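K.L.:
Requesting a structural model of the entry that follows:
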Amino acid sequence: MSSVLRVTNLQNLSGVDMFPSTRSLAANGYYKFPGGAILQWVRGASLASETSTTITYPMAFPTAVTSIIVSTTNVVGSYPDRVFQIVNGYGLSSCTVQFNAFNSAGGTSYPDLMIWGY
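P.N.:
Numbers count the residues shown, from 1 in each chain. Just a heads-up that it's a prediction; the model follows:
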């Protein structure tokens, strides 16, 4: 006997949350998936070139952080294609991000992060 669930009429599922979870869909928010995985996103404050800041996650991870992706948004400066941000260190509730520039490109930017954990 097969244990495969077959859904034949999706019209009857209108408005049903197929993945019930705890979530905050704010600008800085999180989504807790069934099974325990957590995805969080946050935009840090504007950083000047060659500076760093600590960014607090919307909620602390209970067990571990498994991945952090940081991108650079709204670069203001002479050479926006010559800047990048790195994560210097991280914990269950925050991480440190540093804004860097090649060849003294300078400027300011906002760090955008996606953080996975459980």
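
K.L.:
Which stretches in this protein count as strands?
P.N.:
For the chain, the strands defined by DSSP state E occupy 22-24, 29-32, 38-43, 47-48, 51-56, 65-76, 83-90, 94-101, 108-117.

K.L.:
how much does the longest one deviate in direction from strand 38-43?
P.N.:
When you say that, I think you mean strand 65-76. Angle of strand 65-76 versus strand 38-43, following axes from the mean of the first three to the mean of the last three Cα atoms, to 10 degrees, is 20 degrees.

K.L.:
Only the buried residues of strand 65-76, if you could.
P.N.:
65, 68, 70, 72, 75 (16 or more other Cβ atoms under 10 Å). For every residue, glycine as well, the C-beta is placed using N, CA and C.

K.L.:
Tell me the one of those residues nearest residue 113?
P.N.:
Closest approach between those and residue 113, by Cβ to Cβ: residue 70, at 5.1 Å.

K.L.:
Confirm for me that that closest one is in contact with residue 99.
P.N.:
No. Contact criterion Cβ atoms under 8 Å: residue 70 and residue 99 do not qualify, at 9.8 Å.
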